[in-house]
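Asker: Build me a model:
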Amino acid sequence: MASVQKVDFLSKGIKVVGDLFLPAGYSPNAKYPAVIIAHPMTGVKEQAPLVYAKVLAPAGFICLTFDAAYQGESEGQPRYLEDPAQRSEDVRSGVTYLSLRKDVDPERIGAIGVCASGGYVPFAAQTDHRIKAVATQSIKAANEARITEAIGQPAPVNPALPPTIEDIPPEYPPIVKELAEYYKTPRGHQDRAPGLFATRSADLLANFDAYAFNYLIAPRPLLMIAGADAGTKFYSEDAIKAAKEPKELFIIKGRDHAALYDNATESGPKLLDFFKKNL
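Answerer: Okay, the predicted model is just below:
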């Protein structure tokens, strides 16, 4: 059974808090392959990343999950800011943390990005060649907000989803209901993840192109996983086209976007096989 340690590291001066999953039979004198698992937008480490850490750690991998800067247990103001540059730097800083551990083989570090982190992880890997294998799953009024912060008021935040499933207007796209059925129910609810994002996140996200330089990941391997029924599947299709070999788009029949957050029946073995072969 894998054990878990609370850890922290700095990312551009911000304290990031994580959970480190150690393999069964762990020895501090051995060197292990390691995998970073980054969470979706508005999420925390105890949600989707936990599911996949429980798949990989028992198989011999050290796994690092963490709350992104501004989220969960990690520090950073304004709270709930979604900054792609910072999120990508969190991944790189996590790699640095793992590389400095005596029980990690620095030549065998991989990363998984779930949902929005399915953009941040490849973006980080495009220029950080310490990441040897890359996998993704289910990959989706700013100026006034800055003025509010400048005069010393709390940064305004918006809910990412309607308060309940019943509040979703019928004209909304299906993914909204898929996400609400995860985040607004016991499936994925976490007190430290209230489903908010700082309004100023909007212009930061609008200027971020995660996959423009996906070809830079090669010759390191890239695996992208998506549900066949996911409204976001086209993101994975576009991203894989922008990459060079070796690359694979793995489609899981009968799964929507959020199904892969907490159901590792098909994706877990696929990820395990991918990292065993490539780390």
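Asker: Got the confidence number for the nearest residue to residue 156 once chain neighbours are set aside?
Answerer: Closest residue to residue 156 apart from its sequence neighbours, by Cβ to Cβ, 6 or more residues apart in numbering: residue 199 at 4.5 Å. To be clear about C-beta, it is placed using only N, CA and C from the backbone, and glycine gets the same treatment. pLDDT, residue 199: 82.
Asker: And residue 199, its phi and psi?
Answerer: phi -60, psi -40 (degrees, to the nearest 10).
Asker: Give me the distance between the two termini of stretch 22-38.
Answerer: Taking Cα to Cα, to the nearest Å, stretch 22-38 runs 17 Å from one end to the other.
Asker: picking up where we left off before, the residue nearest to residue 156 and residue 205 touch, don't they?
Answerer: No - counting by Cβ atoms under 8 Å, residue 205 is not a contact partner of residue 199; they are 11.3 Å apart.
Asker: So these two - more neighbours on which side?
Answerer: residue 199 (22 against 16; other Cβ atoms under 10 Å).
Asker: Roughly how far does the more buried one sit from residue 158?
Answerer: The spacing between residue 199 and residue 158, counted by Cβ to Cβ, to the nearest Å, is 6 Å.
Asker: just residue 219 next, same as before
Answerer: For residue 219, the distance to residue 158 - Cβ to Cβ - is 41 Å.
Asker: Find the least confident helix or strand in the chain, judged by mean pLDDT.
Answerer: Lowest on mean pLDDT, DSSP states H and E among the helices and strands of the chain sits helix 142-150, with a mean of 41.
Asker: in the helix or strand following that helix, what's buried?
Answerer: Next along the chain after helix 142-150, taking DSSP states H and E as the criterion, comes strand 157-159. Buried residues in strand 157-159, counted by 16 or more other Cβ atoms under 10 Å: residue 157.
Asker: List the pairing partners of strand 157-159 within its sheet, with orientation.
Answerer: As defined by DSSP bridges, the strand partners of strand 157-159 come to strand 196-198 (antiparallel).
Asker: outside of the partner strand, which residues touch it?
Answerer: The contact list for strand 196-198, computed with Cβ atoms under 8 Å, 6 or more residues apart in numbering, reads 41-42, 70, 78-82, 145, 155-160.
Asker: Could you do stretch 255-263 as well?
Answerer: Contacts for stretch 255-263 (Cβ under 8 Å, 6+ apart): 40, 47-48, 51, 114-115, 137-138, 140, 174-175, 178-179, 181-182, 187-188, 225-232, 252, 266-267.
Asker: let's see it at 7 Å
Answerer: 47-48, 51, 114, 137-138, 175, 178-179, 181-182, 187-188, 225, 227-232, 267 (Cβ atoms under 7 Å, 6 or more residues apart in numbering).
Asker: Could you pull out the buried residues of it?
Answerer: For stretch 255-263, by 16+ other Cβ under 10 Å, it's 255, 256, 257, 258, 259, 260, 261.
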